[in-house]
Structures are given as structure tokens and as C-alpha cells.
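Trainee: my questions concern the predicted model and sequence given below.
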Protein chains: 2
Amino acid sequence: MTVTISEVARAAEVSTATVSNALNGTGRLSEATRRRVREVADRLGYLPNPAGRALRTGRTRVLGLAVTTYGGHSWNFSEVAYYARLITSATAAAHRHGYALTVLPAALTDRGWRTLAVDGVILLDSPEGDPAVAALRSRGIPIAFDGRPWDLAPGESWVDNDHAATTLRVLDHLASQGARRIALLAGHATDHYTRSCVEAYERYVDEPLIGHIEEDDTEGRVAAGRLLAAGADAVYGLFDGCGRAVLSAARALGLEVPADVLLVTCSEDPAYGWTSPPVSTVSLDPAGTVDLAVTALAGTLAGGPATVHAGRPTLLTVRASSVRTVPVTAAGAGPPSRA
Amino acid sequence: MTVTISEVARAAEVSTATVSNALNGTGRLSEATRRRVREVADRLGYLPNPAGRALRTGRTRVLGLAVTTYGGHSWNFSEVAYYARLITSATAAAHRHGYALTVLPAALTDRGWRTLAVDGVILLDSPEGDPAVAALRSRGIPIAFDGRPWDLAPGESWVDNDHAATTLRVLDHLASQGARRIALLAGHATDHYTRSCVEAYERYVDEPLIGHIEEDDTEGRVAAGRLLAAGADAVYGLFDGCGRAVLSAARALGLEVPADVLLVTCSEDPAYGWTSPPVSTVSLDPAGTVDLAVTALAGTLAGGPATVHAGRPTLLTVRASSVRTVPVTAAGAGPPSRA
DNA sequence: AGTGATCGATTAATCCATTAACCACAATCG
DNA sequence: CGATTGTGGTTAATGGATTAATCGATCACT
């Protein structure tokens, strides 16, 4: 069924070493044999057995992508556009560098997953004291971080936006639209993203008003409702679902957006351009960011140096939900509000 | 750095065969040695080398997921909620069965990807004459189809919805709301999904009016605009972006939804519940469907029989966009229209 | 002619785990 | 007591590719 290197060798009347060298462009061979071996290999439909190769070389040409943020709550985040974009972009980037990519389960340290063969791992929003980091390091598996890590070992790359700056920009924008009491809708996670935003927010406002949303939509609505009930006249949501949660909660309380409550949410979902009213969003460009992380990891694996891309740009798209006066439609924004 | 089976054997003062047997629960060993070997392996932090194991057993415990539908246009579909859901669900399902999952590039037949080690592959919406099918079959790699295949080899499973029935149901719904000239917004692909829907549509209407959308948003808007200009008073969109395309085109032409144009789109995006107006959607439950495909594939790999799940249920969520009279809000639907 | 390079290919070791075949020893049976 | 069965392991072959070491042959140079 499957043809091995020795069958090619036999057919081409050379040794397996010659076949290997011919196909890999290594060793010292005459152009004639090199070509002949290649032809024979093609004719026979030879495909190197990945297991054999991996066993010998110790490399698999596979990268892992792991989300450790939501520890226990593995994989409920399938609806979050942020991850969807990120995963597809990471896959494409890996392919570009000649790697396959497999998405690892959150419980990276479980038995059974320690046996998975990957040349390197991209960790998303690794929280403080992440056990996955220790596990990977002890196995000598190179890491690249998407989202600033808590501590960095030599040779490790990372990529991130400047979340504090982004937060300040959003808060400034909300304040400029007349917001007096800005609330923050955050999550429970202890990753760097959440913490940076919360810290920036707490430095900015006099009296912090923070709600916590997790994957569950109902919980988000409740948290948003509490913020509104507590007198918030503007909300900045740090996660994708926050926008819908606030819209929903506002409606339930009989509040109008943006008349009574201003709203900005972090999201990659283009649909926020078509909601009623269209919602202002902050895009973190997860696709571009993870692309850099993958590229950095591939570079490291190829023997290159570690790299850091801090402060990657974010994009605030102002839509009707956070505008009190004249609608300001930025590039890429949705249609004007009809409210 | 990494500890091999022979180091464990040496430490436990047994042969490597005994270690292997002890750890895998095979062979005939006394409980005492079995336990002792396990302890030593734990203490040393032994992890079986996947390459060595794969080489010997011929199995890798990795599944591949390939989207061949959009042939050349690889990976622009990162924004499509359908795929995002599907990929994450497939990953979770694979993990549940003890497999890792890697998403394969569209150009499956390219050199370099033929060398990837997977025990089986799930093909999404495989088009007619799909070269990937032939390639996989010739390599003896088991296939499970998500979306009815064009031809089926023994041992292959497939899963699909009943697209003709779903289409009829949507068309009936639109007709019941007073639509006289229903247009279809489809794609260029030749997969079974597109074809089933188009055929059902063509049998249903007297004078077909079909537009073609592809990944590009602008193109979609243009196609939708043409349909509306041609006098369509209702549109059924087969893909996720169709809803936004029609909303956008209608607005540009000064048409109201649902007053002038009724709209139903296929989508998994919850955001359609918050658009203005909320858009009726058909959910194909990609997560549940691919889960069955993965399970079927895992079953086949475990020696089980092939399975077929035809006619998996779809869910039509009626929202304001396709209701002329009193809003009918089905379970899971968004908020009532405010128009 | 003898010494050294250089070329072109081969030999054989190696990566690590699995497993069929085999072996030493003790207990059981006729 | 010799033959059989069972127990608890070991030995060695195997899977497929890579690669350091080696080797024969040819050619150049002193």
C-alpha cells in the first residue's frame, strides 16, 4: 500500500541513504542520480513516513495552539469571534511557514496530552502561574506568547497590544461624549489583558464600577444589568459578548443606547455594525497579532532570535452606540444609526 | 532531557518490554511489577515518544479537518460563524475521543501536506470530483464526510441535514408572509449543500432569481442589490454573510426590511438577533453535525461500522425580517423589532 | 610511484516503542 | 517421576527515515 524509502532505493538501484539525500537535497550526489531518484520516487508515489522522520529528526513540523485562560471552562468560547479569527489566522500563518497547527485543549497538562508531538506552542493569554508554561518549559518545548506573559524565559517571544493605552483612549472617547460614570464590564480571568485594562480603568476613574461577565450569556446580561442599575451612564466591555449583554440589559431596563447609556465593546464581530444601534467596537486585530506570534515561533524554531512585538495597534471604530451628538462614522464602520 | 523507555527499564530493573506492557496494561505481569514500573515511570516523568509509538503502531491519534469547498480561496472564511463553530466543536469532539485535531489547508493535495500524519480526515462539503477524496482513498486514510458526499466508498460515514426540506420550509414561510417573488442568494461552490438548496428552490418557484455571493463582502452586496433591483420581494441567503449583504443593499436602495423585502439567511451568528431589524436565520447546527462526523470517524478507526446521519434537524428562527404581520418570536430568537 | 584530495555513493548506527516468540521455573497431573 | 500447564518475565525483530563514518575509485601533484 504505502511505499517506503527502501522500495524506492531498490527500484532506483541505490541505497536508502542516497534516496534520502537525493530527496532532501543533502549529501554529495551527482545531478544525474539525484534526478533519477526523484523520478523513481515520483513514479512510485513515495511519501516519506512522518513518524519515521520525526523519530529520527526529533521534529514534527506541527505547532500547538493553547488557550489556557479559561482553565476549567474549556471550549465554551466557540462563539467568540475573537478566537474564531485568531484560530483561523494562526492556522494560515503556520501553513505559510510549513507547519501544521493543532488546537490543544485547555487542560494542557493532562496525561495523554503530554504525549502530543509538537515542535512549539503558542499560548494565548497565559494567566499568572500558568501550569502549562512550566510543563512546556520542562519538556524543552519552545513557547511564543500571544498576550504578554507574566515571566519570560530566554528565547521566548511574545506579542501584545498596548491595552492600557487602548483603554485610556476608549475612556477618553466616552468622557468626551459626556459620560460621567463609566463602568467596566470585565471577566474573571487573571490574564494580562484583563488586568492591564482594569488597572488603567481604575487609575482613570474616581469611583470604579466593575462587572464580571464570563462565557455564559445570561450571566453577562445580569452583570450588565447590575452596572446599569448602579447608575452607569457608559459601559466599556472587554469581551465580545459584552456588547450584546449591555444592549439586552438596557432594553430590559427601558434604557436607550446611546441616549441613556453609551456603549463600547471589544469585538471582532462585524455584526456590531448592523445592530440596533450599531455598537462602537475596539478591535485588537487578533489575526494580525497571532500571525506575528506564529512567525516568531517559527523563527525561533529555525534558530533565529526571540522577538517582542509590544503595543500592536488597536482600532476603535466609533458607531452610534457611543455618540451623543452627531454620528461619527469611522472607516469600516457600519451604517449610521436610525434611532 | 527527555526520558526514554529504556531509562525507565534500567531504573526499574526490568526489560523495556515489561515497561511497555506495564504502562499499556498489556502482556502478563504480576500486579507488583506493574505497579512498581508505573511508579518509576511517574517518578522519572516518563512520556512515551509519540514518533516512536506512531512508527511502530502506525497510528498517530490525530485527525485532520479539511475544507475543500472553497478550493482556491483558502481561508478567507475566517469570519464565517459557521466554520468557527464547526472547527471548535470538531476539536472538542476529537479530544473527547482521545484524538487531536489539525485543520488542514484547502490545497490538501499539495506536496508537503501529503506527508502529514493523520489517522483519518473529516471533509467538509466536499465538492464533486474532489481531488482530496481520491488522494486520501489512495493512501488508505479513512474519511468521514460532513455534508453529503458525491460518491461513497465502503466504510465511509457521512452526516448532513436535509437541505431540500429546509429550503422548502423557508420558502413556505416566506410565501406565507406574502412573498410573491422570492430570490435565492447562493454561492459559486459545487458542493452538495448549494446544489440541494438550489434544486429545491428551482422546483418551488416559477421563475428562479438567483444571485451568487462569495466570501468577499462587497461582491455579496452587489449580488444582493441586483436581486432587489430585479424585483425580489424576499430573499433567502444560503450563507452567513448573505443577511448583512441584503440589509446593506436594501438600505442603499431605500428599501425597508421587512416592509419591502422579506429576509431569511442561513447563519450561526447570534448577532442576527440584534440587527436592525433582527434577521430570521436558519441554523444548520454545524457543531452538532460535525460532532457526529468526528464520532463516526473515531468509531470507524476503532473498528466499528460506518454510519450515516442524514436529515439532521435544522432550526428556523423567525425574527422581524421575515414577518409582515405580527412578530413571531421563536425559542432562542432575539428581541422584538422596534421598527 | 607514492601521497592526498575529491567525488559519489554505501554501510551501519540511531531515534523509541511495541510485540511475537521464546525461556526459565514452579506447580499440577497421571 | 516424567510430562503438561501456567506464570512472569526477557530477547530480539520490527517500523521508516536520517546521517556520521567509511570506502573505492579517479585524478592531481610532487
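Mentor: Received it, and whenever you're ready, just let me know what you need.

Trainee: need the contact list for the closest residue in space to residue A:292 that isn't next to it in sequence.
Mentor: Spatial nearest neighbour of residue A:292, chain neighbours left out: residue A:159 (4.6 Å); criterion: CB to CB, 6 or more residues apart in numbering or on different chains. C-beta: built from backbone N, CA, C; applies to glycine. For residue A:159, the residues meeting the contact criterion (CB atoms under 8 Å, 6 or more residues apart in numbering or on different chains) are A:144-147, A:289-290, A:292-293, A:296, A:308-310, A:312.

Trainee: residue A:91 and chain B, how far apart?
Mentor: The span separating residue A:91 from chain B equals 5 Å under the rule CB to the nearest CB, to the nearest Å.

Trainee: and for that residue, the neighbour number?
Mentor: The burial metric for residue A:91, expressed as a neighbour count using other CB atoms under 10 Å in any protein chain shown, is 27.

Trainee: contact partners of the one helix or strand it maps to?
Mentor: Under DSSP states H and E, the secondary-structure element containing residue A:91 is helix A:81-96. With CB under 8 Å, 6+ apart as the test, helix A:81-96 has contacts from A:63, A:65, A:67, A:77-78, A:100-101, A:103, A:122, A:124, A:146, A:239-240, A:266-269, A:284, A:286-291, A:293-295, A:298, B:74-75, B:77-79, B:81, B:83-84, B:87-88, B:103, B:105.

Trainee: mind checking which of those residues land in helices?
Mentor: In helices, defined here by DSSP state H, the members of the contacts of helix A:81-96 are A:286-291, A:293-295, A:298, B:81, B:83-84, B:87-88.

Trainee: strands of chain A, start to end?
Mentor: Under the criterion DSSP state E, chain A contains strands at A:62-67, A:100-104, A:120-124, A:143-146, A:157-161, A:182-186, A:210-212, A:234-237, A:262-266, A:280-283, A:308-312, A:315-317.

Trainee: and these: which comes nearest DNA strand D?
Mentor: Judged by CB to the nearest atom of the strand, the one of those that comes nearest to DNA strand D is strand A:62-67, at 15.4 Å.

Trainee: show me what the residue nearest to residue A:292 bridges to in the sheet.
Mentor: residue A:146, residue A:309 (DSSP bridges).

Trainee: check it and give its pLDDT.
Mentor: Residue A:159 is assigned a predicted lDDT (pLDDT) of 98.

Trainee: pull the number of nearby residues for residue A:97.
Mentor: 16.

Trainee: what do you get for residue A:49?
Mentor: The tally of other residues near residue A:49 (other CB under 10 Å) stands at 18.

Trainee: likewise for residue A:310?
Mentor: Here the count is done by other CB under 10 Å, and residue A:310 has 10 residues near it.

Trainee: so where's chain A uncertain?
Mentor: Applying pLDDT under 70 to chain A picks out residues A:1, A:68-80, A:106-115, A:214-217, A:325-339.

Trainee: in stretch A:219-229, which residues are buried?
Mentor: A:220-221, A:223-228 (16 or more other CB atoms under 10 Å in any protein chain shown).

Trainee: return the member of those residues nearest to DNA strand C.
Mentor: Looking across the buried residues of stretch A:219-229 and measuring by CB to the nearest atom of the strand, the closest to DNA strand C is residue A:220, at 44.9 Å.

Trainee: residues in contact with the nearest residue to that closest one once chain neighbours are set aside?
Mentor: With sequence-adjacent residues excluded and distances taken as CB to CB, 6+ apart, residue A:220 is closest to residue A:245, at 3.5 Å. Taking CB under 8 Å, 6+ apart, we find residue A:245 in contact with A:185, A:213, A:217, A:220-221, A:223-224, A:237.

Trainee: which residues of chain A lie near DNA strand C?
Mentor: With CB under 7 Å from any atom of the strand as the criterion, chain A comes near DNA strand C at residues A:13-18, A:21, A:27-30, A:32-34, A:52, A:55-56.

Trainee: restricted to buried residues, select the residues you listed in PyMOL.
Mentor: The PyMOL command for the buried members of those (criterion: 16+ other CB under 10 Å) is given here:
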select buried, chain A and resi 14+18+21+29+33+34+55
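
Trainee: let's see which of the residues of chain A next to DNA strand C end up in helices.
Mentor: In this view, the residues of chain A next to DNA strand C that belong to helices under DSSP H are A:16-18, A:21, A:32-34, A:52, A:55-56.

Trainee: widest-spaced pair of those?
Mentor: Greatest spatial distance in those: A:32 and A:55, 31.0 Å, computed using CB to CB.

Trainee: among the contacts of helix A:81-96, name the buried ones.
Mentor: Among the contacts of helix A:81-96, those classed as buried by 16+ other CB under 10 Å are A:63, A:65, A:67, A:77-78, A:100-101, A:103, A:122, A:124, A:146, A:239-240, A:266-269, A:284, A:286-291, A:293-295, A:298, B:75, B:77-79, B:81, B:83-84, B:87-88, B:103, B:105.

Trainee: filter the buried residues of stretch A:219-229 down to the ones in helices?
Mentor: Mapping the buried residues of stretch A:219-229 onto helices (DSSP H) picks out A:220-221, A:223-228.

Trainee: near DNA strand D, which residues of chain A?
Mentor: Proximity of chain A to DNA strand D is assessed by CB under 7 Å from any atom of the strand, with A:2, A:4-6, A:16-17, A:20-21, A:23-24, A:26-27, A:46-49, A:51-53, A:55-57 identified as the residues in range.

Trainee: let's see it at 10 Å
Mentor: Contacts of chain A with DNA strand D, taken as CB under 10 Å from any atom of the strand, map to A:1-9, A:15-24, A:26-28, A:41, A:46-59.

Trainee: buried subset of those as a ChimeraX selection?
Mentor: Isolation of the buried members of the residues of chain A next to DNA strand D (16+ other CB under 10 Å) is achieved in ChimeraX through the command below:
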select /A:4,5,7,8,9,18,19,20,21,22,23,41,46,48,49,50,51,53,54,55
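
Trainee: measure whichever residue of the stretch 51-200 of chain A sits closest to DNA strand D to residue B:115 for me?
Mentor: Among the residues of the stretch 51-200 of chain A, residue A:52 lies closest to DNA strand D, at 3.1 Å counting by CB to the nearest atom of the strand. Taking CB to CB, to the nearest Å as the measure, residue A:52 and residue B:115 are separated by 11 Å.

Trainee: same question, residue A:287
Mentor: Note on residue A:287: its distance to residue B:115, by CB to CB, is 27 Å.
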